[in-house]
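Student: Predicted model follows, preceded by the sequence.
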Amino acid sequence: MKIECLSVIPGYGKSSKCIIELNNSSPNDFNMVFVPLLSEIKERYLKECPNANLVEPLDDNKTKFDSLKEVLKEECNVITTHKMYERIDAEVVGLINKKCRFKGKKTLYIDETMDVVSPSTIINNDDMKLFEELGLISINEDTGKVSALKEFPSRYKNTFNVIENGLVYFLDGRYVVFEIGIDFLQCFDRVVILTHRFKTSIMYHYIKTEGRGIHFLDVDKGRVRKLKEDARKRIVIVDDINIDSKMSHSGFDSDPEMMKRELNRVIKEAMDKTGVSLEDTRYTFFKSFGGMDAKAVNRWVKTLKIGKGEQNEDGSPKAFLAHSAKATNDHSNCKLMVWCLDKHINPGIPQYFSERGQKINRREWSLSQLIQWVWRSNIRVTEVEKEGGELVPNEETVYIVIPHAKSRREFIKWLNSDEEEDAETVDSLAKAQKNGKCKEWLNRNPQFADFEDVEELYHQYGAVQTKNILKERMKKAA
């Protein structure tokens, strides 16, 4: 398995790269694509990949997961959403392993990183407490990993599968799911991850803890600089609209009535100052807080002017865009983006990785979430069509309002820098020298020559650690 990553600023054309590869792949190959949103499948991939034989699992007469298993038995490629990931079980892994046994290559495309560690819709805390009391599960005191000790009742089959796949942990007082298992990735000859600032993501640290090499694909640095320069020209950061209290989830919970007043004030003030209509505005904050669930928050927002108009499928106002939104063009008309929160990573997750030698920069992780969200706006539209069909640079102003002062400063610092830390910046001579050293090392250690990611491991870890990682892999495979 070789893991590749194209990590570059939104708007560069990462999804387009995936679409081009799918359209040009051999009929003997098997491709599987994971994207964040259903709309991206229907409105982009299926339309732009007419010859790729892509099939989406449907829930017409059965569940989507059962449909996925049926589709994997056919001679076709598969596209589905990130939500399907946590349902992957041993049967799915077996079906993929059987594909292309004698012909073609298997490639997995992941459009935007998955959260990897998240609260799960499958895992229920009350159920898990009961399972522990009944002796159905055990929790490793050192790692927090949950293991199944006995078969669960049939109605908990999905829960049992996720635990059996080694994906459930008890961290910081709650059960979370690692939505990506290394066993699943190993089904493929090549894994391609398309994202931005990958090294700040949980998925990056997860792969590193598994001792896997990651090859960062080259990018056009001149093009990256131009995208950043064009964004700087168009973005206006409104810096005199603030909320002075804590904007973390605990801050929202500590005084929800005050926060409700502040949210309403900030969003209305932003629209008044910029002159942008509600239709072209997107705002975000925590979906639930202060004892209110998402439905209660939606009911409250819809009593305000900022909550009027069209609604999303979940009943929230159209102008509300979830802070986890990524990889969608559905909001590219928007000229005002209001980010009303200070997003923190679950504290148990950095602790988990720290114990395994990987340090997550919490503020850089938060900044990456903010950048992804802002780039759902019109800023991602770099060209517009004039009368007569001529394409010209888009010069529309996009207003950004970040009431949390520290988050705003971090965003401004990133916007004014030209560095993209994940892009491959090694010059060709240095790269050749590294590859030469790796070849010399392989001549002395020919037993490792068949590992596809040996060069990436050597470049990232050096000779001694690479040798240890590969010896451990050989031991497991024996």
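Tutor: Received, thanks. Given the structure is predicted, the values throughout are model-derived calculations rather than measurements.
Student: Just the buried residues of stretch 82-98, please?
Tutor: By 16 or more other CB atoms under 10 Å, the buried positions in stretch 82-98 come out as 82, 84, 85, 86, 87, 88, 89, 92, 93, 95, 96. Any C-beta I mention is one placed from the backbone N, CA and C, and that applies to glycine too.
Student: what's that stretch in contact with?
Tutor: Residues outside stretch 82-98 that contact it (CB atoms under 8 Å, 6 or more residues apart in numbering): 30, 32, 34-36, 57, 64-65, 68-69, 72-73, 106, 112, 114, 120-122, 158, 161-162, 164-165, 167, 177, 179-181, 183-184, 187-188.
Student: Same list (the buried residues of stretch 82-98) but as JSON lines, adding secondary structure and pLDDT.
Tutor: Listed next are the buried residues of stretch 82-98 as JSON lines, based on DSSP: H, G, I helix; E, B strand; the rest coil; pLDDT from 0 to 100:
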{"residue": "82", "secondary structure": "helix", "pLDDT": "86"}
{"residue": "84", "secondary structure": "helix", "pLDDT": "84"}
{"residue": "85", "secondary structure": "helix", "pLDDT": "77"}
{"residue": "86", "secondary structure": "helix", "pLDDT": "69"}
{"residue": "87", "secondary structure": "helix", "pLDDT": "75"}
{"residue": "88", "secondary structure": "coil", "pLDDT": "79"}
{"residue": "89", "secondary structure": "coil", "pLDDT": "78"}
{"residue": "92", "secondary structure": "helix", "pLDDT": "88"}
{"residue": "93", "secondary structure": "helix", "pLDDT": "86"}
{"residue": "95", "secondary structure": "helix", "pLDDT": "89"}
{"residue": "96", "secondary structure": "helix", "pLDDT": "89"}
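Student: Narrow the contacts of stretch 82-98 to those that are buried.
Tutor: Burial by neighbour count, 16+ other CB under 10 Å: within the contacts of stretch 82-98 this picks out 30, 32, 34-36, 57, 64-65, 68, 72, 106, 112, 114, 120, 122, 158, 161-162, 165, 167, 177, 179-181, 184, 187-188.
Student: Which members of these occur in helices, if any?
Tutor: Residues of these located in helices (DSSP state H): 64, 65, 68, 72, 158, 161, 162, 184.
Student: Tell me, please, the helix or strand in this structure that averages the lowest pLDDT.
Tutor: Across the helices and strands of the chain, mean pLDDT, DSSP states H and E gives its lowest value to strand 117-118, namely a mean of 62.
Student: Give me the longest helix you can find in this structure.
Tutor: Longest helix in the chain, counting by DSSP H: helix 454-477.
Student: Convert the C-alpha atoms of that helix to PDB, please.
Tutor: Output of helix 454-477 as PDB, limited to C-alpha atoms (Å, rounded to 0.1, in the frame of the first residue of the first chain):
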ATOM      1  CA  VAL A 454       9.900   2.200   1.600                       C
ATOM      2  CA  GLU A 455      11.200   5.500   0.100                       C
ATOM      3  CA  GLU A 456       8.600   7.600   2.000                       C
ATOM      4  CA  LEU A 457       9.400   5.800   5.200                       C
ATOM      5  CA  TYR A 458      13.100   6.300   4.700                       C
ATOM      6  CA  HIS A 459      12.700  10.000   4.000                       C
ATOM      7  CA  GLN A 460      10.400  10.600   7.000                       C
ATOM      8  CA  TYR A 461      11.900   8.300   9.700                       C
ATOM      9  CA  GLY A 462      15.500   7.600   8.600                       C
ATOM     10  CA  ALA A 463      17.300   4.200   8.300                       C
ATOM     11  CA  VAL A 464      17.000   2.800  11.800                       C
ATOM     12  CA  GLN A 465      13.300   3.500  12.400                       C
ATOM     13  CA  THR A 466      12.400   2.400   8.900                       C
ATOM     14  CA  LYS A 467      14.100  -0.900   9.500                       C
ATOM     15  CA  ASN A 468      12.200  -1.400  12.700                       C
ATOM     16  CA  ILE A 469       8.800  -0.500  11.100                       C
ATOM     17  CA  LEU A 470       9.300  -2.900   8.200                       C
ATOM     18  CA  LYS A 471      10.700  -5.700  10.400                       C
ATOM     19  CA  GLU A 472       7.500  -5.400  12.600                       C
ATOM     20  CA  ARG A 473       5.300  -5.500   9.400                       C
ATOM     21  CA  MET A 474       7.100  -8.700   8.200                       C
ATOM     22  CA  LYS A 475       6.600 -10.200  11.700                       C
ATOM     23  CA  LYS A 476       2.900  -9.500  11.600                       C
ATOM     24  CA  ALA A 477       2.600 -10.900   8.000                       C
END
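Student: tell me what that helix is packed against?
Tutor: Packed against helix 454-477 by the contact rule (3 or more CB pairs under 8 Å, 6 or more residues apart in numbering; DSSP states H and E) you find strand 214-216, helix 428-444.
Student: In terms of mean pLDDT, which of these ranks lowest?
Tutor: Across the helices and strands packed on helix 454-477, helix 428-444 has the smallest mean pLDDT, namely a mean of 70.
Student: mind giving me the domain split of this structure?
Tutor: According to automatic domain parsing, the chain comprises the domains 2-116+181-217, 118-178, 222-415, 428-477.
Student: can you list the weak-confidence ranges in the stretch 351-478 of the chain?
Tutor: Applying pLDDT under 70 to the stretch 351-478 of the chain flags residues 419-435, 459-461.
Student: Swap in 50 and give it another go.
Tutor: For the stretch 351-478 of the chain, the stretches flagged by pLDDT under 50 are 423-430.
Student: wait, what's in contact with the residue nearest the centre of the chain?
Tutor: By CA atoms, centre = their mean, the chain has its centre lying nearest to residue 113, at 2.7 Å. Shown in contact with residue 113 (CB under 8 Å, 6+ apart): 193, 195, 198, 201, 202, 203, 204.
Student: helix, strand or coil for the first one?
Tutor: Assigned with DSSP: H, G, I helix; E, B strand; the rest coil, residue 193 falls in the strand class.
Student: wait, isn't it in contact with residue 199?
Tutor: No: counting by CB atoms under 8 Å, residue 193 does not reach residue 199; the two are 11.6 Å apart.
Student: which one of those two has more residues nearby?
Tutor: More crowded of residue 193 and residue 199, by other CB atoms under 10 Å: residue 193, with 26 against 17.
Student: how much space is there between that one and residue 135?
Tutor: Distance, residue 193 to residue 135, by CB to CB, to the nearest Å: 39 Å.
Student: What of residue 270?
Tutor: 54 Å.
Student: Among those two, which residue is more densely surrounded?
Tutor: Per other CB under 10 Å, whichever of residue 270 and residue 135 has more neighbours is residue 270, with 23 against 9.
Student: what's the closest non-adjacent residue to that one?
Tutor: residue 401 (4.4 Å; CB to CB, 6 or more residues apart in numbering).
Student: Can you list the neighbours in contact with the longest helix of the chain?
Tutor: For helix 454-477, the surrounding residues in contact (CB under 8 Å, 6+ apart) are 2-3, 211-215, 434-435, 437-438, 441-442, 445, 447-448, 451.
Student: what do you get if the cut-off is 7 Å, keeping everything else the same?
Tutor: The contact list for helix 454-477 (CB atoms under 7 Å, 6 or more residues apart in numbering) reads 211, 213, 214, 215, 434, 435, 438, 441, 442, 445, 448, 451.
Student: can you confirm the last one is in a helix?
Tutor: Just to be clear, that refers to residue 451. No: using three-state DSSP, the assignment for residue 451 is coil, not a helix.
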